[in-house]
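Novice: A predicted structure for the sequence below; I have some questions about it.
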Amino acid sequence: MEEILNSHKVDDLKKEISNTNIKGYSKMTKKELVKLMLKTPEKFSHMKKKVPAPKTKRAPKTAPESAYERQMKDLIPGLIINADRDLPDRDSLKDMNKLQKKLEKDLQNKSLTPFQRKEIEKGLKNTKDAIIIIKNTFPKFTPDPDSLKDMKKFLKIQKWKFENSDKYDTGNKNELKRTIQNIEERIEELKRK
């Protein structure tokens with residue numbers, strides 16, 4: 001019986017005692033309550049051992065963001081205000097131009113709070129930077145390693161990235177430098193053939 005009573009919480013034990021018209025239990029500890037209840041076990045014989053509910057893992061409140069969504073939120077902080085539309089393709093010049101026009105239009109809205117205005121201006125600057133990067137790096141261009149023309153174009157893109165890596169965050173300078181050296185070596189090989 002003692003094991004059954006110990007499996008319950010103090011508040012549950014106090015409720016059971018109050019139903020039996022026993023007085024003077026309100027300031028007792030759990031140990032004292034159990035001792036009191038054991039004096040009249042027939043009044044509490046209906047009680048069963050309380051089994052703790054199995055612990056279950058809580059589901060995450062929201063689905064985790066994809067890397068692409070985080071990238072777009074960094075690019076366009078103002079997107080948080082109008083998050084009900086599809087995200088544009090960061091590598092698409094057409095999408096970035098469309099987004100730039102949309103953000104410029106949003107900026108004309110007179111009811112914006114200073115925070116919203118600041119976020120849209122930041123998004124507009126990032127969008128303009130993305131347009132410059134797209135125009136100079138052709139992100140969807142995949143060079144043919146056996147084509148001299150493609151390799152020269154690819155070299156030009158990598159040199160632009162290297163020269164502007166501080167301004168536009170186009171990549172790690174050391175990696176870009178190694179890539180440029182590898183491309184120059186490949187171009188020399190192609191010229192010898």
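Specialist: Done, it's in. Computed from a predicted structure; not experimentally measured. Residues are numbered from 1 along each chain as shown.
Novice: Check the spacing between M37 and Q158 real quick.
Specialist: Counting by CB to CB, to the nearest Å, the gap between M37 and Q158 amounts to 81 Å. (C-beta placed from N, C-alpha, C; glycine too.)
Novice: what's in contact with the one helix or strand Q158 maps to?
Specialist: Assigned by DSSP states H and E, Q158 belongs to helix 148-163. The contact list for helix 148-163, computed with CB atoms under 8 Å, 6 or more residues apart in numbering, reads 136-138, 141, 143-145, 170-171, 173, 176-177, 179-180, 183-184, 186-187, 190-191.
Novice: if we go to 7 Å?
Specialist: For helix 148-163, contacts defined as CB atoms under 7 Å, 6 or more residues apart in numbering pick out 136-138, 143-145, 170-171, 173, 176-177, 179-180, 183-184, 186-187, 190-191.
Novice: Over to stretch 4-19?
Specialist: Residues from elsewhere that reach stretch 4-19 (CB under 7 Å, 6+ apart): 25, 30, 33-34, 37, 44, 47-50.
Novice: Is it possible to get CSV of those that adds pLDDT, distance to E2 and secondary structure?
Specialist: Listed next are the contacts of stretch 4-19 as CSV, based on pLDDT from 0 to 100; distance: CB to CB, whole Å; DSSP: H, G, I helix; E, B strand; the rest coil:
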residue, pLDDT, distance to E2, secondary structure
Y25, 78, 17, coil
K30, 86, 12, helix
L33, 84, 11, helix
V34, 86, 6, helix
M37, 83, 9, helix
F44, 80, 11, helix
M47, 83, 12, coil
K48, 82, 14, coil
K49, 83, 11, coil
K50, 80, 14, coil
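Novice: What's the ChimeraX syntax to select whichever of those residues are buried?
Specialist: To isolate the buried members of those in ChimeraX, using 16 or more other CB atoms under 10 Å:
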select :25,33,34,37,44,47
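Novice: Point out where this structure drops to low pLDDT.
Specialist: 59-88, 90 (pLDDT under 70).
Novice: Where do the helices of it begin and end?
Specialist: Remark: helices assigned in the chain by DSSP state H are 2-6, 10-18, 30-39, 67-75, 93-107, 114-137, 148-163, 165-168, 173-192.
Novice: can you list the ones you listed in a markdown table and add distance to K55?
Specialist: Shown next, in a markdown table, are the helices of the chain (distance: least, CB to CB, whole Å):
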| stretch | distance to K55 |
| --- | --- |
| helix 2-6 | 20 |
| helix 10-18 | 20 |
| helix 30-39 | 22 |
| helix 67-75 | 31 |
| helix 93-107 | 46 |
| helix 114-137 | 41 |
| helix 148-163 | 51 |
| helix 165-168 | 49 |
| helix 173-192 | 47 |
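Novice: out of those, which comes closest to T56?
Specialist: Taking CB to CB, helix 10-18 is the member of the helices of the chain nearest to T56, at 22.2 Å.
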